[in-house]
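Undergrad: the following comprises the amino acid sequence and a computationally predicted model.
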Amino acid sequence: MSEPQFVRARSVDHAIDTLKAAGGDGLIVAGGVVVSSLFNQRLASPAVLVDISRIKGLRYIKRTPNGLSIGALATHDDIHRSADVKAVAPLLTEIAEDVSCPRLRNRGTLGGSICTIGGQGDPATGLIALGATMQIKGPGGERTAHIEDFYKDAFEVDLAPDEIVERIDVPAPQTGARFAFCKLGPRNAMDFTQITVSVVMAPTGSGIRIGMNGVANAPNRPRATEALIATMNAGSINWTAVGKTLNGEISPQGDLVYSEDFKRHLALIGLRRAVERALARSKEAGGRA
């Protein structure tokens, strides 16, 4: 594998121009957590490596009238420490606290995690459950994409070779919404997560949004399962029926750690734990998230 040309982008437009000139053979690096792994495993060999880590204006977290705006270069540690995130979308705080280990949380960026995780990654599940959108920019200008529609297949996302993610917009949940995150795997820190689930439940119990990872080639939102749970009383969910519906919406791949059948089993366990944690948190907090 030959060494790629290294370009340190001075601005978003410079990065886009460089990617366009690479003709589809360019790769963005920010925190470098995932890209370094891809290089080590010889899964990536771009002609041009575009470093966006020093672009001013892409690393921020701020409150907006509708919720939060998070720059693509905000790290997991930034999110974990942010008072604004904790106040508006504490689900993301909870997820960031459980991402890998401190040194990777300090380097890994939200934008990088979203764009290159394949069937792995924790933040995408929370962003799907929260109904987040992404602002993407390319040679043709800017466009908006819903997180839940961004993923097509393993390492295949709705991002052209000459586009980059600028920010993630997170709408504030309804007052009294209940939320929870569940992560299942051999170890929280250095092993790949097997199953992750995020849920956001409407305060009246009339609706739920679910984000899952590890149950297919890419993060997904099981809409039929959401619709079924929404018809049930929160205190008496028929988990056997939920499991049957969920099984029709997921397609986990067996690996050296867990078989496909066991991952299906874990998917329902993760979902049930997340829902029950959300309901328990609601009671403890007097109905407030």
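TA: Perfect, I can see it now.
Undergrad: biggest helix in the protein by residues?
TA: helix 260-284 (DSSP state H).
Undergrad: need the mean per-residue confidence for that one.
TA: Per-residue pLDDT values over helix 260-284 give a mean of 91.
Undergrad: name the residues that touch it?
TA: Helix 260-284 is touched from outside by 176, 178-184, 194-201, 208, 210, 212, 214-215, 225, 229, 234-235, 237, 239, 242-243, 246-247, 250, 252-254, 258, 288-289, with contacts defined as CB atoms under 8 Å, 6 or more residues apart in numbering. To be clear about C-beta, it is placed using only N, CA and C from the backbone, and glycine gets the same treatment.
Undergrad: tell me which of these fall in strands.
TA: Using DSSP state E, the members of the contacts of helix 260-284 that fall within strands are 178-184, 195-201, 208, 210, 212.
Undergrad: of all the residues in the longest helix of the chain, which ones are buried?
TA: Residues 263-279, 281-282 are the ones in helix 260-284 that count as buried (16 or more other CB atoms under 10 Å).
Undergrad: how far is it from where the chain is centred?
TA: Counting by CA atoms, centre = their mean, to the nearest Å, helix 260-284 is centred 18 Å from the centre of its parent chain.
Undergrad: which parts of the stretch 51-200 of the chain are helices?
TA: Using DSSP state H, counting those that start in this stretch, the helices of the stretch 51-200 of the chain run over 76-81, 83-88, 90-97, 102-107, 110-116, 123-130, 147-150.
Undergrad: quick check: closest non-adjacent residue to the residue nearest the centre of the chain.
TA: Nearest residue to the geometric centre of the chain (CA atoms, centre = their mean): Ala124, 1.1 Å. Nearest non-adjacent residue to Ala124, counting by CB to CB, 6 or more residues apart in numbering: Pro219, 4.1 Å away.
Undergrad: surely that neighbour touches Thr125?
TA: Yes: between Pro219 and Thr125 there is a contact under CB atoms under 8 Å: 6.2 Å.
Undergrad: which residues do these two both contact?
TA: Counting by CB under 8 Å, 6+ apart, the contacts common to Pro219 and Thr125 are 211-213.
Undergrad: any idea which of those is least confident?
TA: Note: of those, the lowest pLDDT belongs to Asn213, at 93.
Undergrad: just to revisit the earlier point, what subset of the ones in strands among the contacts of helix 260-284 is buried?
TA: Buried by 16+ other CB under 10 Å: 178-184, 195-201, 208, 210, 212, out of the ones in strands among the contacts of helix 260-284.
Undergrad: so what's Val197 up against?
TA: 125, 181-183, 210-213, 267, 270-271, 273-274.
Undergrad: so which of those residues is the closest to Ile95?
TA: Checking those against Ile95 by CB to CB gives Phe181 as the nearest, at 5.2 Å.
Undergrad: pretty sure the closest one contacts Leu91?
TA: Yes: shown here, Phe181 and Leu91 form a contact pair, counting by CB under 8 Å, at 6.2 Å.
Undergrad: quick one: Ala227 from Arg209, how far?
TA: As for Ala227, its distance to Arg209 is 11 Å (criterion: CB to CB, to the nearest Å).
Undergrad: how far off centre is stretch 267-287?
TA: Mean C-alpha position of stretch 267-287 versus that of the full chain (CA atoms, centre = their mean) differs by 20 Å.
Undergrad: what angle sits between the longest helix of the chain and helix 90-97?
TA: If you take axes from the mean of the first three to the mean of the last three CA atoms, to 10 degrees, helix 260-284 sits at 130 degrees to helix 90-97.
Undergrad: between strand 195-201 and helix 260-284, find me the angle.
TA: Using the same axes, to 10 degrees: helix 260-284 against strand 195-201 is 30 degrees.
Undergrad: doesn't Asp158 make contact with Asp149?
TA: Yes: the criterion here is CB under 8 Å, and Asp149 meets it with Asp158 at 6.7 Å.
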